[in-house]
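> sequence-free structure coming up:
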C-alpha cells in the first residue's frame, strides 16, 4: 500500500506535505521543528523541552492554555513532544476545523514572544521539574533515559546530555533564553508542516498561504558539530546503578547505523529478532525457556545524525543476580553473532513490523507524523512509502553482517540497575572504574 | 482568562461539519449461542478480530483472585493441544498477526489484528486457541512466577502502589474490586493448575462468547469464517457473576503508604461511583469532563497551570457492570501535598456548590461531540467500542445516538449529577510518599484520620 503525497514550499522556506484520505471527516495537522535537545548549549540542558511547554502558553492572539481549549472545543486532540533531534506539535480535528488548527500553529510560529512572561516561565519550570520527578526521579529505573545516552555518546557530543535537563539548568533558564531560542529555531525555514486526512487541497493551500505566508524566514541556525562517530564504542562501557528497585534490570546498547540508512533496516530487524514480541529470541529463551528474565525487549532510538543506538532491555526474575542477568544476555548476543539468524526469524520480524506499520497508518495523525519525520530528516516525505519494501529487502546475511560488525564486546554499553541495599561491592567498583574512563 | 474579554485577531470560523456515523455493523447468532458482530471497514487491508467471553476477573473463585487473568493469558502462553506456547506464538507471528489475551473486570478479551492476506489462516489459529487450550503445567508455573515478579516490582513503583491500595481502601474486603484484578501474592500462590480447566470450561462457552470482526471483510465472509471455526463448538451459557460493590467505609480517611525520601507524593482521591448502565452515565461523564477529564478541566488548570504543583492532574470514573471507582489522580511535589489536596477537595466541592459556567459546559460537550469520529480511526478501536456495546448490553443505536445525548446536556443536569454522584464526605485518599514530609500537614488539614502503612499495606506507626 502507498499513501498519496503532495509537497510544496512557501517562499519563506516552510516545507509542506499533504496526504489526502477521505474515509472519515478527520484531518491531522503536524508540525516538526528541526530542533531538539541536541541543539542546546551547555548549561541550558532541558531547554528545548521547557520551550515546548512554553508554546502552549499563548501567543499574540491566543491566551495561555487557550490553544488547548480551542482545539478541544473544536473536538480535536493535540499535544507536542521533544526528542533529541526534533520537536513536534500536532492536532487531529474534525475536517471542518482545519483552519483553526493551522491558525493556532501559525500564530505561535509567527507571534509567540509578545505573550511570554516571567510568571508563565516560572510556572512551566515547576511543571517540568514535576515531570522530571514523575518520569525519572520517583520512578524505578527512570534515570535510564538520561544515563544511557550519557554513557553511549562522548561528553561533547550533542546527544550526550539530558533531554529533560538538570534541575540546575532548568532553574537558570531565563526569558532571554526563550526569546533567543525562538528567534533561532522556530522559523518557517526550520519547520515541516504536514496535513493528512480529509481536506480539500486547494483550500488547504489557501489556509497555509494565508496564515503562514507572512511569517519571515529565519536568519539561520548555528550548525550542529560533526555528529559522526566510529562504528563501535571500542570497548564494553559499563555502569552499575544502585537504585530503589526490587529486581535487577539491564539496558545493553550497541552503536548502530543512523536511522534511514540501508544498514539501519538490518539493525532494526536484528533488534526485532532479539526482542520484538513473544516469539523473539530473548523472550523465548530468557523469559519462557530459561525463566531467568521477567521481561525482555529491544528497540532503536531512530537517530538520523551520525549514528543510532540499538538497545536490549531485560529485567531479571526474582532470585536472579545482576551478574547472572548480564552474563545470560551477553551469552544470547554472543550466540547470535557466532551462529547467525535463520531466514525464518527475519520473515517473522518483517511480518510483525509490517502489520504494525499498516495498523499505525490507519490514524491520520500517524500518517502526518511520519511524513513530517521523513521530510525533516531527509527532505523526502515519500520515503514513508518505501518503509515496507526496505524492511522486506533485509536478508539474513545482512542481519548477520550487522551482528558481526556491531554486537561484539567492543561495541557494548550497559546500564545495570541493582537494588540499592544489595549492591555487591565489586560491581560498584567496576562501575566507578568505567565511569572514570 | 476568558477569551471574550480580550480584543484579539478574529479566529477562523469552522465550515459545515461533514456527516459521520459510527461504522455500520450487523449481528448474527449461531445455533450454539455464539454471537457474531461484523463491521466492514475497508480503508486498509487489515482486520481486527476480538473474542469476548464472559470470563472476567469478577468470575474469580474466592481466595483465588487472578484466576481469570491467568486463564486468559494461558490461552496463548500455555499453548494448544497441537502446539506448545513457543510454537503457537511463532505461528501467529509468522503471519504478522498481533495477538493479545487478557481479562478485564467484566470479560476476557482476545484481540488479533492481521493483514487481509493472512486473515483466513490467522482465524483458524484463533479458533484453535479458543477451543483447545492446553494449560501446560510449565507455563502455568511460569506465568504465576511472572505475576509474583510484577507484584514485587510494584513495591517500588509509586503509581502502581497507589492504584492497588486505593482499591483496597475504597471497597469492602469481601468485594472482588478490593483486590488487584490480577490477584495478590496469596491468591496467585493458591491457584492450582487443576482449577484452570474447569474455569475455562465453565466460562469460555459459545453461549457466553461474542466474536467481533472489524475491517476489510464482508459480513458474509466473516460469518463463513466464524461458522467454519466455531460452528461445531458446543457448551452452555455461563451464569452471570455480579460483583459486590459496597464501600468499606462512609467517612473520609487518609492512607499514607510510606516511601521514604520520595520527591513526589502520588495521590489517589475518590470513592465508589456508579455502574456503567446507570441512567446518569451521560451527565456524570460530562460532569467529569468539566471537573478533571480534560487538559483544560478545573483540576488540571488549578494544580498544574495556576500552581505548578504537578505535571498533570485528572479525574475519571472506571466504568464497570457494577459500580467502579471515581478517582482523582496526580503526583505532586512532596512539600505541596497538603496544599494540592486542599485544592482538589475545593474543586470537588465547587462542582456541587455552584452551577458550572455555560462555556465550561460547551467546552466539555463540544469536545465529546467533535472528537467522536477521531475515537474510531482504527479497526482495533472500533472493535473495542463494539466490545463495550456487547459487555454492557447497550442498545444497537447507542453510538448513533451518543452525540445527541451529549449535546442535550444542560447546566442543571451537570449540577444534579455532581450533587448526587460526588460524595466529598466519603472520599478516601491514598498517598504514596514520604511520611516525614506529608504526615503532619495532612493531619492538620483535617481531611480525615491519617493512617500509615508499609508498601505491602501493613499498618505501621
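Thanks, I have it. Predicted model, so just to flag it, every value in this text is computed and none were measured. Residues are numbered from 1 along each chain as shown, chains lettered A, B, ... in the order given.

> could you list the domains of the chain?
All of this is about chain A. Split into domains by automatic domain parsing, chain A comes to A:6-212, A:235-436.

> meant chain B, my bad for not saying
Taken from automatic domain parsing, chain B resolves into B:26-230, B:253-374+B:396-460.

> got the residue ranges for the strands in the stretch 151-300 of chain A?
A:191-197, A:235-243, A:249-257, A:293-300 (DSSP state E, counting those that start in this stretch).

> picking that back up, to residue A:50, which of the domains of chain B lies closest?
For residue A:50, the closest of the domains of chain B is domain B:253-374+B:396-460, at 12.6 Å, according to CB to CB. No exception for glycine: its C-beta is placed from N, CA and C like everyone else's.

> what about the closest one, how long is it end to end?
16 Å (CA to CA, to the nearest Å).

> avg pLDDT for that domain?
Averaging pLDDT along domain B:253-374+B:396-460 gives 97.

> in chain B, what residue is nearest chain A?
Here chain B gets closest to chain A at one residue, residue B:370, 1.2 Å apart by CB to the nearest CB.

> correct me, but that residue touches residue A:94?
Yes. Under the criterion of CB atoms under 8 Å, residue B:370 makes contact with residue A:94 at 5.1 Å.

> common neighbours of these two, please.
A:74, A:75, A:76 (CB atoms under 8 Å, 6 or more residues apart in numbering or on different chains).

> so the last one makes contact with residue A:96?
Put plainly, it is residue A:76. No. Between residue A:76 and residue A:96 there is no contact under CB under 8 Å: 11.1 Å.

> who's more crowded, the two?
residue A:76 (27 against 20; other CB atoms under 10 Å in any protein chain shown).

> skipping adjacent residues, who's closest to that one in space?
In space, residue A:76 comes closest to residue A:93 once its chain neighbours are excluded; the distance is 3.5 Å by CB to CB, 6 or more residues apart in numbering or on different chains.

> ok, now which ones touch the one you found?
Here residue A:93 is in contact with A:26, A:27, A:28, A:29, A:71, A:74, A:75, A:76, A:100, A:101, B:370, B:374 (criterion: CB under 8 Å, 6+ apart).

> in JSON lines: the residues you listed, plus distance to residue B:197 and secondary structure.
Output for the contacts of residue A:93, formatted as JSON lines (distance: CB to CB, whole Å; DSSP: H, G, I helix; E, B strand; the rest coil):
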{"residue": "A:26", "distance to residue B:197": "46", "secondary structure": "strand"}
{"residue": "A:27", "distance to residue B:197": "51", "secondary structure": "strand"}
{"residue": "A:28", "distance to residue B:197": "48", "secondary structure": "strand"}
{"residue": "A:29", "distance to residue B:197": "53", "secondary structure": "strand"}
{"residue": "A:71", "distance to residue B:197": "51", "secondary structure": "helix"}
{"residue": "A:74", "distance to residue B:197": "53", "secondary structure": "coil"}
{"residue": "A:75", "distance to residue B:197": "48", "secondary structure": "coil"}
{"residue": "A:76", "distance to residue B:197": "49", "secondary structure": "coil"}
{"residue": "A:100", "distance to residue B:197": "57", "secondary structure": "helix"}
{"residue": "A:101", "distance to residue B:197": "54", "secondary structure": "helix"}
{"residue": "B:370", "distance to residue B:197": "48", "secondary structure": "helix"}
{"residue": "B:374", "distance to residue B:197": "43", "secondary structure": "helix"}
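
> need phi/psi at residue A:309.
phi -130, psi 130 (degrees, to the nearest 10).

> and it, how far from chain B?
25 Å (CB to the nearest CB, to the nearest Å).

> if we can go back for a sec, ok, which of the strands of the stretch 151-300 of chain A comes nearest residue A:107?
strand A:191-197 (13.7 Å).

> helices or strands next to that closest one in the packing?
Applying 3 or more CB pairs under 8 Å, 6 or more residues apart in numbering or on different chains; DSSP states H and E, we find strand A:191-197 packed against strand A:15-20, strand A:26-33, helix A:98-110, helix A:201-212, helix A:364-378.

> burial count for whichever residue of chain A sits closest to chain B?
Residue nearest to chain B within chain A: residue A:75 (1.2 Å; CB to the nearest CB). Counted with other CB under 10 Å, the neighbours of residue A:75 add up to 25.

> do residue A:327 as well
11.

> which helices and strands does the helix or strand it falls within pack with?
Residue A:327 belongs to helix A:322-339 when elements are defined using DSSP states H and E. Under the contact criterion of 3+ CB pairs under 8 Å, 6+ apart, helix A:322-339 touches strand A:249-257, helix A:262-275, helix A:281-282, strand A:307-316, helix A:396-406, strand A:411-419.

> how about the second one, does it get close to chain B?
No. Helix A:262-275 lies apart from chain B when judged by CB under 8 Å from any CB of the partner chain; the minimum separation is 10.0 Å.

> what helix or strand is residue B:200 on?
helix B:193-203.

> paired strands for whichever helix or strand comes after that helix, with orientation please.
Going down the chain from helix B:193-203, the next helix or strand is strand B:209-215, by DSSP H and E. Strands adjacent to strand B:209-215 in the sheet, as given by DSSP bridges, are strand B:35-40 (parallel), strand B:46-53 (antiparallel).
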